[in-house]
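Colleague: structure for this input, please:
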Amino acid sequence: MKKSLLTTAFLVFLLTLLPACFGKEKIASAPSPVEIAANPPNSFKLALPINCTLGQDCFIMHYVDRDPSPTEVDFGCGRQTYDGHNGVDFAIPDERVMAAGVAVKAAAAGKVLRVRDGVSDRRVADQTDKANVQGIECGNGVVIDHGNGWQTQYCHLRNGSVVVKPDTSVEAGTVLGMVGESGLASFPHVHLTVRYQDKVVDPFVGANAGPGCRVDRKPIWQQPISYVPTGTIRAGFATQPPDMAAIWEGRFSETELPKNSPALIFWVQAYGVLKGDGQEFQLIAPDGKPFAVRKQELQSPSRSWLSYVGKRASGNQPLTAGVWRGEYRLIRNGKVLIDVKREVQVR
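Modeller: Residues are numbered from 1 along each chain as shown. Below is the predicted model:
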């Protein structure tokens, strides 16, 4: 009996040395009341964790879920989040951009606590894919301790790209790795989770704000970041009906197409569309005449949306050579939220 008790005690001791999981690091040491008074929670500030310009070559796909119930709401009282989402997803347009390399950067100075690398990049598309990453949902990632009770965590980095080690100091802007799709990721992005005293903080609201979206906001970003719950990811032309997988792969980015193409399709990928939004498409031939027109009211919301318009080339008549133009508008309550124009050369 004595040997069994000693064995049990030793196992308990070992378990206390291990983190609960990579996804939620324990705070190294709780700040004292004097430290908290000297450094109030919302005096901590964050830079962007990704090397890009929001609204140009990257965008925020998901915000923190601020509803503790099984439903969800983001800080702007919108639905660009999902139940239990504990961070902000900074996304890039597709896997071609991911392969070229977009740096993930430390959002503030601190010390690296823990890293993971070696998890393959694979876009999660179904329940089987999801099951395959159980226990490693963060994928390749980094956890940084910033002192005074603050930590940041960076998930889904590209396999083999993590360049920092535990116990090394970093500055705001230090490159940690590259944006990827490792772990539970259905598109290329870096997921940033912020914690204060071991509790998730929405950086658009600040610490100790309470649940819901109608709260006093004290954002902790160094520079203001606009709330953009609906926007464009990519748009382009194809010679066949595209699907979401092909778009995330980076296909259909051609700016020239042969005139003997079997069809000409203008497509738009967007995020944050809502039920009742109106969309208007026009595909215009080189002579200025509409080749295909489509108007519809969306019947359901979607965090990631793909739609298109086009026609097959008729019989022996190839597509007209010249510059074709695609135009798209997304309208909500009479306001144009997305206005996209693209051109393609047919030769």
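
Colleague: and stretch 192-208, what's buried?
Modeller: Buried residues in stretch 192-208, counted by 16 or more other CB atoms under 10 Å: 192-197, 200-207. Any C-beta I mention is one placed from the backbone N, CA and C, and that applies to glycine too.

Colleague: repeat for stretch 277-289
Modeller: By 16+ other CB under 10 Å, the buried positions in stretch 277-289 come out as 277, 279, 280, 281, 282, 283, 284, 285.

Colleague: how many other residues sit next to the residue nearest to residue 146 when sequence neighbours are not counted?
Modeller: Excluding the flanking residues, the one nearest residue 146 by CB to CB, 6 or more residues apart in numbering is residue 110, at 3.9 Å. By other CB atoms under 10 Å, the residues close to residue 110 number 20.

Colleague: so what are the sheet partners of the host helix or strand of residue 310 and their directions?
Modeller: Using DSSP states H and E, the element containing residue 310 is strand 302-312. In the sheet, strand 302-312 lines up against strand 263-273 (antiparallel) (DSSP bridges).

Colleague: helices or strands up against the following helix or strand past the partner strand?
Modeller: Next along the chain after strand 263-273, taking DSSP H and E as the criterion, comes strand 278-284. Applying 3 or more CB pairs under 8 Å, 6 or more residues apart in numbering; DSSP states H and E, one finds that strand 278-284 contacts strand 263-273, strand 290-297, strand 302-312, strand 322-332.

Colleague: now what about the shortest one, what contacts it?
Modeller: For strand 290-297, contacts defined as CB atoms under 8 Å, 6 or more residues apart in numbering pick out 264, 266, 276-285, 309-311, 324.

Colleague: of all these, which two lie farthest apart?
Modeller: Taking CB to CB as the measure, the contacts of strand 290-297 span a maximum distance of 31.4 Å, between 276 and 285.

Colleague: residues of the strand holding residue 310 that come out buried?
Modeller: Buried residues in strand 302-312, counted by 16+ other CB under 10 Å: 302, 303, 304, 305, 306, 307, 308, 309, 310.

Colleague: poorly predicted segments of the stretch 51-200 of the chain, please.
Modeller: Low-confidence regions of the stretch 51-200 of the chain, defined here as pLDDT under 70, do not occur.

Colleague: now the helices: where do they sit in it?
Modeller: Per DSSP state H, counting those that start in this stretch, the stretch 51-200 of the chain carries helices over the ranges 95-100, 127-132.

Colleague: of those, which is nearest residue 318?
Modeller: helix 95-100 (28.7 Å).

Colleague: in that closest one, what counts as buried?
Modeller: Here helix 95-100 shows 95, 97, 98 as buried, counting by 16+ other CB under 10 Å.

Colleague: now render the residues you listed as JSON lines, adding distance to residue 298.
Modeller: Converted to JSON lines, those look like this (distance: CB to CB, whole Å):
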{"residue": "95", "distance to residue 298": "27"}
{"residue": "97", "distance to residue 298": "27"}
{"residue": "98", "distance to residue 298": "29"}
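
Colleague: rewinding a little: out of the helices of the stretch 51-200 of the chain, nearest to residue 55?
Modeller: Nearest to residue 55, of these and by CB to CB, is helix 95-100 at 15.1 Å.

Colleague: how about the closest one as PDB, C-alpha atoms only?
Modeller: What follows is helix 95-100, C-alpha atoms only, in PDB (Å, rounded to 0.1, in the frame of the first residue of the first chain):
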ATOM      1  CA  GLU A  95      -3.000  29.100 -50.400                       C
ATOM      2  CA  ARG A  96      -0.900  30.600 -53.200                       C
ATOM      3  CA  VAL A  97      -0.400  33.600 -51.000                       C
ATOM      4  CA  MET A  98       0.300  31.200 -48.000                       C
ATOM      5  CA  ALA A  99       3.000  29.400 -50.000                       C
ATOM      6  CA  ALA A 100       4.700  32.700 -50.900                       C
END
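
Colleague: still on that earlier bit, what's the farthest-apart pair in the buried residues of strand 302-312?
Modeller: Among those, 303 and 310 lie farthest apart (CB to CB), at 24.7 Å.

Colleague: for the stretch 151-300 of the chain, which segments count as strands?
Modeller: 169-170, 175-178, 189-196, 199-201, 231-238, 256-257, 263-273, 278-284, 290-297 (DSSP state E, counting those that start in this stretch).

Colleague: also the stretch 1-150 of the chain?
Modeller: Taking DSSP E, counting those that start in this stretch as the criterion, the stretch 1-150 of the chain carries its strands at 59-62, 88-91, 103-105, 110-116, 140-147, 150-157.

Colleague: possible to save the ones you listed as JSON lines with distance to residue 298?
Modeller: Formatted as JSON lines, the strands of the stretch 1-150 of the chain follow (distance: least, CB to CB, whole Å):
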{"stretch": "strand 59-62", "distance to residue 298": "18"}
{"stretch": "strand 88-91", "distance to residue 298": "21"}
{"stretch": "strand 103-105", "distance to residue 298": "33"}
{"stretch": "strand 110-116", "distance to residue 298": "39"}
{"stretch": "strand 140-147", "distance to residue 298": "35"}
{"stretch": "strand 150-157", "distance to residue 298": "29"}
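
Colleague: which one of those is the most hemmed in?
Modeller: Greatest average neighbour count among the strands of the stretch 1-150 of the chain goes to strand 150-157 (a mean of 26), per mean count of other CB atoms under 10 Å.

Colleague: okay, the angle between that strand and strand 110-116?
Modeller: The directions of strand 150-157 and strand 110-116 differ by 40 degrees, with axes from the mean of the first three to the mean of the last three CA atoms, to 10 degrees as the criterion.
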